[in-house]
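>>> sharing a model that was predicted from the sequence below.
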Amino acid sequence: MAHSRGLRIGRFPMAHGIYLVTFTTRNRQPVFNDFYVARALIRCLNRSPHARTLAYVVMPDHVHWLLQLTESGALSSAIRAAKSLTTREANRLRGDRGSIWQPGFHDRGVRHEADLKGIARYIVANPLRAGLARRVGDYPHWDAIWV
């Protein structure tokens, strides 16, 4: 996956397109170790007018989001809105100011619907690979529509 301010070069967002995106906090700060800040991000992902959330995991310093764009949604708009709303809420909760996010995001278009459940399993197992939990059910900041 390439790092970019928008879609990778040569890519065009398609209505109803499915993407796996990853975006990280500024300087990889573990902002989402704070339970309430992590839940604020999750609310932003789930309420996006630009995308339907299929799966996500919020790690201490980044998020993996499997989403399907809406009819009028653009991937960059979905990411920008999620980052903006989360920054505002995180700063309110922490009594802080300034951006909490690195610029840009990584994206990968999902071409085959048959791959979705495997990608979702990979996403939600991130806390296990990072040593944050022993079982997926022990980690509070993930979801997938298939569960």
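Great, that's in hand.
>>> residue boundaries of the strands in this structure?
Along the chain, counting by DSSP state E, strands occupy 3-4, 18-24, 51-58, 62-69, 105-109, 142-144.
>>> how about those in a markdown table, adding mean pLDDT, mean neighbour count and distance to residue 43?
Every C-beta, even on glycine, is put in place using the N, C-alpha and C of the backbone. As requested, the strands of the chain are exported to a markdown table (pLDDT from 0 to 100; neighbours: other Cβ atoms under 10 Å; distance: least, Cβ to Cβ, whole Å):
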| stretch | mean pLDDT | mean neighbour count | distance to residue 43 |
| --- | --- | --- | --- |
| strand 3-4 | 40 | 14 | 26 |
| strand 18-24 | 96 | 20 | 16 |
| strand 51-58 | 97 | 22 | 11 |
| strand 62-69 | 97 | 23 | 13 |
| strand 105-109 | 94 | 20 | 19 |
| strand 142-144 | 96 | 20 | 12 |
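>>> out of the ones you listed, flag the one nearest residue 80.
strand 105-109 (9.5 Å; Cβ to Cβ).
>>> who does that closest one pair up with?
Looking at strand 105-109 with DSSP bridges, its partner strands are strand 3-4 (antiparallel), strand 18-24 (antiparallel).
>>> residue 145: which of those strands is closest?
Nearest of those (Cβ to Cβ): strand 18-24, 11.9 Å.
>>> and the angle from the closest one to strand 62-69?
150 degrees (axes from the mean of the first three to the mean of the last three Cα atoms, to 10 degrees).
>>> if we can go back for a sec, tabulate the strands of the chain (JSON lines), appending distance to residue 42.
Shown next, in JSON lines, are the strands of the chain (distance: least, Cβ to Cβ, whole Å):
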{"stretch": "strand 3-4", "distance to residue 42": "24"}
{"stretch": "strand 18-24", "distance to residue 42": "14"}
{"stretch": "strand 51-58", "distance to residue 42": "6"}
{"stretch": "strand 62-69", "distance to residue 42": "9"}
{"stretch": "strand 105-109", "distance to residue 42": "17"}
{"stretch": "strand 142-144", "distance to residue 42": "8"}
